[in-house]
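Undergrad: sequence and predicted model, in that order:
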Amino acid sequence: FDPDAAPAEPFPLFVDWLTEALAAGVREPHAVSVATVDADGCPDLRVVALRDATEAGWSFATRADSPKGRQLAAQPQAALLFHWREQARQIRVRGSVLRADPETAARDFLDRLPGSRAANLVGHQSEVLADPAAFPPALDAALARVESEPDTVDPQHALFTVRPRTVEFWQGVPNRGHVRLRYRHAGEAWTRERLWP
Ligand SMILES: Cc1cc2nc3c(=O)[nH]c(=O)nc-3n(C[C@H](O)[C@H](O)[C@H](O)COP(=O)(O)O)c2cc1C
């Protein structure tokens, strides 16, 4: 990784690194950790699937009524972390979070495979499952609904975009002289700065 040859903005570098991760055989490079904070300021963290990435930001989908959905409604800030172990690389993104309009979220929902839509429609994400036997019939009912009403959209399906304020590209180096390049959005333009390892 030659930071002096890096582009002026972070998004093209993300695309380069993602392309290289796929070529290097990184498994599930689109799995990304998302950090949010709860009402007490306590961090929360989980993995989600990256749905899209553009100049405007990094997007993922979840239920609006899940803990992360509620945390983002109250405090629309998040951090993302990609860790590509095979390449000793990580990418850190921090920024404000924007929820997509219902039409965009509906398109994202209908783009999914039937099994994924059914699993979403079951709902109750992260609620206590007092009786595990309650899940299979709930999933079967949701699958039947997806089959009989294929245009059904889960109103709780939400698409969130993290709009980057900082993006850091971290390349591990065996001698510990890890190469770090941080992009910082300052006003209209991006600033690039090297960081001590
Ligand atoms: C590889 C992987 C991908 C995942 N993708 C998603 C996802 O795209 N959306 C989602 O809501 N949960 C996803 N999950 C489950 C979340 O990690 C988490 O368990 C769930 O969303 C509940 O989080 P919450 O209680 O913080 O809201 C994924 C888990 C893994 C391991």
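TA: Yep, that arrived.
Undergrad: quick check: residue 55 touching residue 7?
TA: No: the criterion here is Cβ atoms under 8 Å, and residue 55 misses it with residue 7 at 11.7 Å. Quick note: C-beta positions are derived from backbone N, CA and C, even for glycine.
Undergrad: neighbour-wise, which of those two wins?
TA: Counted by other Cβ atoms under 10 Å, residue 55 and residue 7 do not tie: residue 7 has more neighbours, with 14 against 9.
Undergrad: which residue sits closest to the more buried one, ignoring its sequence neighbours?
TA: Excluding the flanking residues, the one nearest residue 7 by Cβ to Cβ, 6 or more residues apart in numbering is residue 13, at 5.5 Å.
Undergrad: again with residue 89
TA: The nearest residue in space to residue 89 (Cβ to Cβ, 6+ apart) is residue 171, at 5.7 Å.
Undergrad: related to what we said a few turns ago, ok, and for the helix or strand where the residue nearest to residue 7 lies, which residues are buried?
TA: Assigned by DSSP states H and E, residue 13 belongs to helix 10-23. Within helix 10-23, the residues scored as buried using 16 or more other Cβ atoms under 10 Å are 10, 11, 13, 14, 17, 18, 21.
Undergrad: tell me what that helix is packed against?
TA: strand 43-54, strand 89-99, strand 157-171 (3 or more Cβ pairs under 8 Å, 6 or more residues apart in numbering; DSSP states H and E).
Undergrad: got the contact list for whichever helix or strand comes after the first one?
TA: Spelled out, it's strand 43-54. For strand 43-54, the following helix or strand on the C-terminal side (DSSP H and E) is strand 57-63. By Cβ atoms under 8 Å, 6 or more residues apart in numbering, the list of residues contacting strand 57-63 from outside reads 32, 34, 48-53, 68-69, 80, 93, 95, 98, 100, 105, 108-109, 120, 123, 125, 154, 156-164.
Undergrad: make it 6 Å
TA: 48, 51-52, 68-69, 80, 93, 108, 125, 156, 159, 161-163 (Cβ atoms under 6 Å, 6 or more residues apart in numbering).
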